[in-house]
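1. kindly generate the corresponding structure for this input.
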Amino acid sequence: QVQLQESGPGLVKPSQTLSLTCTVSGGSITTNNYYWSWIRQSPGKGLEWIGYIAYSGGPYYKPSLKSRTSISRDTSKNQFTLQLSSVTPEDTAVYYCVRLVYSGGPRYFDYWGQGTHVTVSS
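-> Residues are numbered from 1 along each chain as shown. Next up, the predicted model:
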């Protein structure tokens, strides 16, 4: 059973960098065809995909967030990390780490972390 767990501060000041880590258990982040994603949901809004880091280590970001986003990984700890810079109150959301599956057919999310709430406020 794969499990994902987010960790990081729940409060970030405007203009600072939000940093969250996802620890994965029950499976390796280097296994083929898995893309380790970050998704968020702001109050009253739908889910927003932020980006992923692939099993190969290559990242890919939502274009509108690309200039502020960095996703990296530590394979020795089986973790991947989101950094979102220059945050504003609009970045307040519940942040989820999620596994995306793609092997040439339909893409789908199969495992989710429980989510962590981040508030951007001074």
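2. please count neighbours and contacts with C-alpha atoms only from this point.
-> OK.
3. as a quick check, tell me the outermost residue of the chain.
-> residue 122 (23.4 Å; CA atoms, centre = their mean).
4. does residue 6 really touch residue 98, like I thought?
-> No - Residue 6 lies out of contact with residue 98 (CA atoms under 8 Å); the separation is 9.8 Å.
5. the more surrounded of these two?
-> Legend: neighbour count by other CA atoms under 10 Å for residue 6 and residue 98, higher for residue 98 (26 against 23).
6. just grab the bridge partners of the more buried one for me.
-> Residue 98 forms beta bridges with residue 37, residue 112, as assigned by DSSP bridges.
7. what residues are up against it?
-> Listed by CA atoms under 8 Å, 6 or more residues apart in numbering, the contact partners of residue 98 are 4, 36, 37, 38, 39, 109, 110, 111, 112, 113.
8. for residue 3, same thing?
-> Residue 3 neighbours (CA under 8 Å, 6+ apart): 24, 25, 26, 111, 112, 113.
9. which stretches in the chain count as helices?
-> Here the chain has no helices by DSSP state H.
10. just give me the residue closest to the centre of it.
-> Most central in the chain (CA atoms, centre = their mean) works out to residue 38, at 2.2 Å.
11. my guess is it contacts residue 100, does it?
-> No - Residue 38 lies out of contact with residue 100 (CA under 8 Å); the separation is 9.8 Å.
12. please report the distance of the residue lying closest to residue 81 once chain neighbours are set aside from residue 4.
-> Nearest residue to residue 81, sequence neighbours excluded (CA to CA, 6 or more residues apart in numbering): residue 21, at 4.3 Å. Noted for residue 21: a distance of 10 Å to residue 4, by CA to CA, to the nearest Å.
13. next: residue 102.
-> 18 Å.
14. tell me which residues are up against stretch 70-77.
-> Residues contacting stretch 70-77 (CA under 8 Å, 6+ apart): 23, 29-30, 51-53, 57, 59, 79-84.
15. cheers, nothing more for now.
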